[in-house]
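A.B. asks: 3D, please:
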Amino acid sequence: MTTGKPVAIVSAVLTLLASKMKKYEITFSTLYPETPLTFWVHVPKVKGAAFDVNNYEPPLSRLVGGKGFPVLRLYFLGIELRFSSLHEISHFTDVLDQKNLPTSISLSLKRNAGVGPNGHWLSRLPAKLKPWKQRVKLVQLLKLAKADFASVFL
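C.D. replies: Residues are numbered from 1 along each chain as shown. Predicted coordinates:
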């Protein structure tokens, strides 16, 4: 026979896990927070130049006065995804919103940097985030988070 305590504990743990499955926060960093998408989204206009957020196309996110550079940290299915610009979020959602994912080879060729597809962010994305059913949920959550992230720059 079982008592009510183990069931209550399991229920509490499942509730805690469920609350952590879909969550996001905005944090700030004193240094520019390079994420797995930064290289693939932001291309330097002048290679080797000193760091300048405007030296990239599209530009990197600017410093938010008194706080630092914003970072969107999204937690989904126990995985943390980080974004340092609205452009990175847009690119990520554009790719994941496609019913059939593009190959990392095709995405790598667009960057034209001589970096192989195995280093592309899509090839490094955990497999449990790639099924269509999960991507739909992830993109919905990311679109909500993007609105909050955009408000940081106002």
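A.B. asks: If you average the pLDDT over stretch 106-123, what comes out?
C.D. replies: Mean pLDDT, computed over stretch 106-123, is 88.
A.B. asks: Show me how far that stretch is from its chain's centre.
C.D. replies: Relative to the centre of its chain, stretch 106-123 is centred 17 Å away, using C-alpha atoms, centre = their mean, to the nearest Å.
A.B. asks: and that stretch, which residues are buried?
C.D. replies: Using 16 or more other C-beta atoms under 10 Å as the test for burial, stretch 106-123 gives 107-108, 120-122. (Glycine included, C-beta is placed from N, CA and C.)
A.B. asks: Determine which two of these are furthest apart.
C.D. replies: The distance between the two most remote of the buried residues of stretch 106-123 (C-beta to C-beta) is 10.0 Å, for 108 and 121.
A.B. asks: where exactly do the helices run in the chain?
C.D. replies: 4-21, 38-41, 86-96, 104-111, 121-124, 132-151 (DSSP state H).
A.B. asks: Turn these into CSV, including distance to residue 61.
C.D. replies: Converted to CSV, the helices of the chain look like this (distance: least, C-beta to C-beta, whole Å):
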stretch, distance to residue 61
helix 4-21, 26
helix 38-41, 10
helix 86-96, 7
helix 104-111, 19
helix 121-124, 17
helix 132-151, 9
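A.B. asks: Which of those helices sits closest to residue 65?
C.D. replies: Nearest to residue 65, of all the helices of the chain, is helix 132-151, at 14.7 Å by C-beta to C-beta.
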